[in-house]
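Colleague: just need the structure, nothing else, for what follows:
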Amino acid sequence: MNIHQQALDRLRTDLLLEPKLRYPDLFPYFKAMWETDQTSPYHLEGDVLTHTFMVVNALDEVLYMEEGGADYGHNPRHKILLFAAWFHDIGKPSTKEWSEKKNRNTFNGHEEVSATLWRQLYLQFEIDPVFGEKIVELIRNHGVPTNYPKMGALDTTYLRLSERVNIQELFLLELADMQGRKCEDKQSLLDAVRAFKEKAQELNVFNLDRFEGFQPHKFSELAYLLKNKKCLLLPIAPPGCGKTFLRDELLQFHPHTVVVSPDEIRNELYGDKWITNYEIVDNNKVFGIANHREKMAMESEKPLIFFDAQNASIKDRKQRVADAEKYNYAIICFWFRTKLETILKQNRERQRKTPEEYIRRAIGHLQFPTRLETDYVVYLSPR
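Modeller: Below you'll find the model as predicted:
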């Protein structure tokens with residue numbers, strides 16, 4: 001039995017741990033990995049699937065050495081690491097580009113593409129978002145443990161990383177990633193991963209888990225969450241996923257909600273010309289006005305403020321979070337569990353359509369809210 005068949009056989013077995021992920025639906029992705037050669041000084045093992053299978057097997061050994069054994073069926077952390085190992089390079093086939101200078105295939109940006117593909121899959125199969133998002137961040141950052149020591153990353157860089165991902169889990173994944181390859185500088189890479197661990201331990205962020213004690217809420221619980229509080233409401237979502245529907249639902253039951261909408265501000269500044277000519281938009285000016293309106297509403301102690309934007313990343317939400325803390329507002333973030341196919345369908349039915357490629361990129365840029373950002377997270381189920 002060749003190594004590809006061994007890999008696919010184990011994949012079938014491991015997928016039984018998450019039955020919603022169906023092997024026939026995933027096979028095309030892994031077949032593409034099988035057919036994608038990545039031979040280089042960093043990957044002498046050959047194609048992407050062979051490397052991935054080696055990483056999964058190496059993870060068994062890493063967990064034995066670091067945690068006394070691998071228990072994928074009962075240890076949630078181990079299960080997360082197993083799926084992160086299987087999917088960490090799923091984006092390499094679509095980022096493959098031949099480099100004449102290097103005389104080999106290159107895969108620039110494959111971490112972000114792999115994270116986006118995994119997110120699309122876990123949303124498609126309606127998997128628990130915490131499980132899904134932990135894996136997203138592990139995939140997105142899986143090159144960090146070798147890169148940070150090499151680049152002499154600042155302490156603040158490690159601290160920001162710890163807000164997004166469990167560094168101990170990231171260390172274990174990257175240790176398996178380095179052991180699951182054949183390369184000329186393997187020992188130096190392993191040394192870098194160990195240095196990454198030591199630095200994180202020195203800064204007391206190695207064992208932090210931003211999902212510790214995390215309790216998601218359903219939309220049906222929203223009335224309870226809003227009771228007797230001043231609240232800033234932040235949807236975290238790409239275009240076409242249902243933010244307008246959410247806003248209309250809120251206004252139906254809470255008609256005095258203050259809506260701060262960058263799109264409406266763009267209409268005020270540019271009319272409808274910006275819809276077909278986005279280059280005329282000065283987003284710094286748009287969000288400067290939006291920020292001012294939000295602050296005015298907070299100073300007036302309006303009970304509910306809905307900031308109608310994508311609010312995609314931690315950076316995008318930073319000003320909102322600071323304002324809420326200053327004016328003593330609770331923050332409720334809405335995490336949309338809408339499938340990509342549904343988003344694209346709803347976008348086609350909208351009057352103002354967003355380019356499909358932009359929507360796909362926007363999904364990839366989303367960052368699940370950290371415990372430092374929000375008081376509550378409400379899941380919105382797919383429609």
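Colleague: can you give me the strands for the protein?
Modeller: Listed in chain order, the strands of the chain (DSSP state E) span 97-99, 104-106, 217-218, 231-236, 258-260, 304-307, 330-336, 376-380.
Colleague: helices or strands up against the longest one?
Modeller: The elements that strand 330-336 packs onto, with contact taken as 3 or more CB pairs under 8 Å, 6 or more residues apart in numbering; DSSP states H and E, are helix 222-226, strand 231-236, helix 314-326, strand 376-380. Every residue, glycine included, has its C-beta placed from N, CA and C.
Colleague: what mean pLDDT does that strand get?
Modeller: Mean pLDDT, computed over strand 330-336, is 94.
Colleague: run the angle between it and strand 231-236 for me.
Modeller: Between strand 330-336 and strand 231-236, the angle comes out at 20 degrees (axes from the mean of the first three to the mean of the last three CA atoms, to 10 degrees).
Colleague: what of the last one?
Modeller: Computed with the same axes, to 10 degrees, the direction of strand 376-380 lies at 50 degrees from that of strand 231-236.
Colleague: before we move on, the earlier item: distance to Glu198 and mean neighbour count added to the strands of the chain, as TSV?
Modeller: Output for the strands of the chain, formatted as TSV (distance: least, CB to CB, whole Å; neighbours: other CB atoms under 10 Å):
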stretch	distance to Glu198	mean neighbour count
strand 97-99	34	10
strand 104-106	31	17
strand 217-218	38	12
strand 231-236	34	25
strand 258-260	45	19
strand 304-307	40	24
strand 330-336	34	21
strand 376-380	33	20
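Colleague: do you know which of those lies nearest Asn141?
Modeller: Asn141 lies closest to strand 231-236 among the strands of the chain, at 18.9 Å (CB to CB).
Colleague: now the closest residue to Phe211 other than its chain neighbours: how far from Asn166?
Modeller: Spatially, and ignoring its direct neighbours in sequence, Phe211 is nearest to Val130 (5.6 Å; CB to CB, 6 or more residues apart in numbering). Distance, Val130 to Asn166, using CB to CB, to the nearest Å: 12 Å.
Colleague: how about the contacts made by the residue lying closest to Leu372 once chain neighbours are set aside?
Modeller: Distance criterion CB to CB, 6+ apart; nearest residue to Leu372, sequence neighbours excluded, is Glu163 at 6.2 Å. Residues counted as contacts of Glu163 (CB atoms under 8 Å, 6 or more residues apart in numbering) are 210, 314, 370, 372.
Colleague: for Ala200, find the nearest of the strands of the chain.
Modeller: Using CB to CB, these put strand 376-380 closest to Ala200, at 25.6 Å.
Colleague: run me through the strand neighbours of that closest one, direction for each.
Modeller: strand 217-218 (parallel), strand 330-336 (parallel) (DSSP bridges).
Colleague: report the mean per-residue pLDDT for that strand.
Modeller: For strand 376-380, mean pLDDT rounds to 92.
Colleague: report the distance from it to the chain centre.
Modeller: Once both centres are worked out by CA atoms, centre = their mean, to the nearest Å, strand 376-380 turns out to sit 16 Å from its chain's centre.
Colleague: quick one: Pro93 from Gln124, how far?
Modeller: Applying CB to CB to Pro93 and Gln124 gives a distance of 18 Å.
Colleague: which one's more surrounded, those two?
Modeller: Each of Pro93 and Gln124 has its neighbours counted (other CB atoms under 10 Å); Pro93 has more, 25 against 16.
Colleague: quick check: that one vs Phe107, distance?
Modeller: 9 Å.
Colleague: cool, Asn347 as well?
Modeller: Taking CB to CB, one finds Asn347 at 29 Å from Phe107.
Colleague: now do the helices in the stretch 1-150 of the chain.
Modeller: With helices called from DSSP state H, counting those that start in this stretch, the stretch 1-150 of the chain shows them at 3-15, 23-34, 48-67, 76-87, 92-95, 110-124, 129-140, 144-151.
Colleague: relative to Val258, which of the ones you listed is closest?
Modeller: Nearest of the helices of the stretch 1-150 of the chain to Val258, taken as CB to CB: helix 129-140 at 27.9 Å.
Colleague: between that closest one and strand 330-336, how many degrees?
Modeller: Using the same axes, to 10 degrees: helix 129-140 against strand 330-336 is 80 degrees.
Colleague: which stretches of the protein aren't confidently modelled?
Modeller: 1, 382-383 (pLDDT under 70).
Colleague: tally of neighbours for the closest residue to Asn105 other than its chain neighbours?
Modeller: Spatial nearest neighbour of Asn105, excluding adjacent residues (CB to CB, 6+ apart): Lys96 at 5.1 Å. Lys96 has 18 neighbours, counted by other CB under 10 Å.
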